[in-house]
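Colleague: I need the structure of the sequence given here:
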Amino acid sequence: MTVNAVARGPTETELFRANNMSGSADEMRYLSGVLMRQFGTLQEIAAAIGFLLSDDAGLIAGQTLHVDGGVWIGKASF
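Modeller: I've put the predicted structure just below:
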């Protein structure tokens, strides 16, 4: 058995858009912490999960896959 996690960053969903209009100050606040300056999509999150569930990820265990456009890099202290 393997145990892995997907840590997603700001993701563009219907609920997110209902509360954060495109071009708004709130949207810019979220994007300011994302190195790639774009929101993730549900398809990108699902693809990461699909990979971890696939045979190709058979030797990956105990990991957190950050699908966040670089948010984690910007906050990590090395």
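
Colleague: any chance you could map the strands in the protein?
Modeller: Shown for the chain, the strands assigned by DSSP state E span residues 5-8, 64-67.

Colleague: Make TSV out of these and add mean neighbour count.
Modeller: The way it works is simple: take the backbone N, C-alpha and C, and place the C-beta from them, glycine included. Shown next, in TSV, are these (neighbours: other CB atoms under 10 Å):
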stretch	mean neighbour count
strand 5-8	14
strand 64-67	16
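
Colleague: closest one to residue 42 among the ones you listed?
Modeller: For the strands of the chain, proximity to residue 42 was assessed by CB to CB; strand 5-8 is nearest, at 9.5 Å.

Colleague: show me where pLDDT drops low in the protein?
Modeller: The model of the chain has pLDDT under 70 over residues 76-78.

Colleague: Counting neighbours, what do you get for residue 72?
Modeller: 14 (other CB atoms under 10 Å).

Colleague: the longest helix in the protein is where?
Modeller: The longest helix of the chain (DSSP state H) is helix 42-53.

Colleague: quick one: the helices in the protein?
Modeller: In the chain, helices defined by DSSP H lie at 14-19, 25-32, 42-53, 71-75, listed in chain order.
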